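Student: No sequence on hand, only this structure:
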């Protein structure tokens, strides 16, 4: 069973800039601590990655997974689903970018994770929360410095 978590963070940058940074997958290894490699396998007509292969550090080893992206709500949001991966049964999520009146953005991250390895529910939920918390903080830090 997948664990679902959701979190929001305020970013001192425009929603459009947040979207641009979050969809520049090939740059993830330079700012997302656990992402070791990101390779865009397919792109849409606008050049955005629609199928992306990642290698990331997780639970003391490197895991591989491929996500497929949906931009039907762009530029306000985009979502993804797990296409394939080792150690994962599900890694589906969504980023939403809402403009705030002062030029900042409110970024919402929804994530559903199901690991292929048997772990107690509490540990799975903590892992999902850790993934999300790190991702949002690292996205915020990278967006605000660029």
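Tutor: Perfect, I can see it now. Since the structure is predicted, the reported quantities are computational estimates derived from the model, not experimental observations.
Student: Beta-bridge partners for the nearest residue to residue 140 once chain neighbours are set aside, please?
Tutor: Take residue 140 and drop its neighbours on the chain: the residue closest to it by Cβ to Cβ, 6 or more residues apart in numbering is residue 11, 4.9 Å away. Where C-beta positions appear, they are placed from N, C-alpha and C, glycine not excepted. Taking DSSP bridges, one obtains residue 105 as the residues bridged to residue 11.
Student: does residue 11 really touch residue 142, like I thought?
Tutor: No - counting by Cβ atoms under 8 Å, residue 11 does not reach residue 142; the two are 9.8 Å apart.
Student: circling back to that earlier point, run a quick neighbour tally on the residue nearest to residue 140.
Tutor: For residue 11, the number of neighbouring residues by other Cβ atoms under 10 Å comes to 22.
Student: Offset the numbering so it begins at 49, please.
Tutor: Okay, residue one is now 49; in that scheme the one you just asked about reads as residue 59.
Student: Provide a list of residues in contact with it.
Tutor: By Cβ atoms under 8 Å, 6 or more residues apart in numbering, residue 59 lies in contact with 66, 152-155, 187-188, 191-192.
Student: Can I get the buried ones among the residues you listed as something I can paste into PyMOL?
Tutor: Here is the PyMOL command that picks out the buried ones among those, judged by 16 or more other Cβ atoms under 10 Å:
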select buried, resi 66+152+153+155+187+188+191
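Student: what pLDDT does residue 111 get?
Tutor: What the model reports for residue 111 is a pLDDT of 85.
Student: now residue 50
Tutor: The predicted local confidence for residue 50 is 61.
Student: List just the nearest of the contacts of residue 59 to residue 52.
Tutor: Ranked by distance to residue 52 (Cβ to Cβ), those are led by residue 155 at 17.5 Å.
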